[in-house]
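In: pasting a predicted model and its sequence here:
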Amino acid sequence: MTASLPRAAAADLLAWYDRHHRRLPWRVTPSDRAEGVVADPYRVWLSEIMLQQTTVAAVKAYFEAFTARWPSVRDLAEADEAEVMKAWAGLGYYSRARNLKACAERVARELGGRFPESEAELAELPGVGPYTAAAIAAIAFDRPATVVDGNVERVVARLFAIEAEMPAAKPEIRRSAATLTPRERPGDFAQAMMDLGATICTPKKPACGLCPWREPCAARAGGSPEALPRRAAKRPRPTRIGTTFVAVRADGAVLLGRRPPKGLLGGMSETPGSVWVERGSEATAATPPVPGRWRRLAGHVDHTFTHFHLELAVMRADVAADTPAPEGHWWSKPDALSGEALPTVFRKAISHALRGPSE
């Protein structure tokens, strides 16, 4: 059975949040609300999609660039998808960008430009799962939704001393979190929980002496807050290998292609190459995209994805200025490369090719 905290617990956290909240470009603070400012569901939704699997520090600049370029959901719905992918490049988890565009189109064209307010309706939008639906409902519309991200999981696991290992502990953590969610100011409460986990109840060396919940916290009372939440041992990531071809034209332009719309890095730009296979598997033959004197460069490019590590061999060829691009490919000149929708792994490959010696 899930334990419960004193009724004053939510009020204690909100009082702490009123004094110590983080100022974030997408957030309406308590002082803003006191002056009549209301949350913009578009900005709340955009920030929550960007923050999935990404840090606040990494998202700030992207968020400000996106909202300057596409200040409303209608603007984003009308944007060219390739431009959206370019603006997203570097944030990772690129299916989020495709869903972002699809969601904006749904809201703008089918819902009159207005986001639904209920969790159930929000969860029907492309790219909006249970967590994001709860976050938008609470933060944008002040609905009493229980919002549980990684920071909140840590806070709740320690507060109630939940000993089960993650991810098996998630249902109990969610049930416990639901007992805390107040009907008054649920949006501020959700953000207060996130801030508490991000700034006080941190994974290492939590600042328990500054925590508004230090008295009722069961893990602090037990003397081992850092031990929670318990995590099962991680499985080692497999290593995949592959080859990529960096063709450099005489004017410095680099040959690029487009990845298939679905799958890993779907719809993003790339330097052409082979299929990535697990080390020890039979490698797929890699065919250069254009004729040239191809040479393998010393070393390789390392990149780690969520579920595997990649070692990418880099081949380079210098070709004539009039070399045509194969169908579905294009030449990107040096001053245009930074604006291409290139994931980090391919930027690494290009950088390696432009500076690395051959074997």
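Out: It's in. Model, not experiment: these values are computed from the prediction.
In: which strands or helices does the longest helix that the chain contains pack on?
Out: In the chain, taking DSSP state H as the definition, the longest helix is helix 95-110. Counting contacts by 3 or more CB pairs under 8 Å, 6 or more residues apart in numbering; DSSP states H and E, helix 95-110 is packed against helix 41-51, helix 73-78, helix 81-88. In short, each C-beta sits where N, CA and C put it, glycine included.
In: just how off-centre is it within its chain?
Out: Centre-to-centre, helix 95-110 and its host chain are 16 Å apart (CA atoms, centre = their mean, to the nearest Å).
In: quick check: buried residues in that helix?
Out: Counting neighbours by 16 or more other CB atoms under 10 Å, one finds that the buried residues in helix 95-110 are R96, A97, R98, N99, L100, K101, C103, A104, E105, R106, V107, A108.
In: alpha carbons of that helix, as PDB, please.
Out: Below are the C-alpha coordinates for helix 95-110, written out as PDB (Å, rounded to 0.1, in the frame of the first residue of the first chain):
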ATOM      1  CA  SER A  95      11.500  11.100 -34.600                       C
ATOM      2  CA  ARG A  96      10.500  13.800 -32.200                       C
ATOM      3  CA  ALA A  97      11.100  16.400 -34.900                       C
ATOM      4  CA  ARG A  98       8.900  14.600 -37.400                       C
ATOM      5  CA  ASN A  99       6.200  14.100 -34.800                       C
ATOM      6  CA  LEU A 100       6.500  17.800 -33.800                       C
ATOM      7  CA  LYS A 101       5.700  18.800 -37.400                       C
ATOM      8  CA  ALA A 102       2.800  16.300 -37.600                       C
ATOM      9  CA  CYS A 103       1.400  17.500 -34.300                       C
ATOM     10  CA  ALA A 104       1.600  21.100 -35.300                       C
ATOM     11  CA  GLU A 105      -0.300  20.300 -38.500                       C
ATOM     12  CA  ARG A 106      -3.000  18.400 -36.600                       C
ATOM     13  CA  VAL A 107      -3.500  21.200 -34.100                       C
ATOM     14  CA  ALA A 108      -3.500  24.000 -36.700                       C
ATOM     15  CA  ARG A 109      -5.600  22.300 -39.400                       C
ATOM     16  CA  GLU A 110      -8.000  20.100 -37.500                       C
END
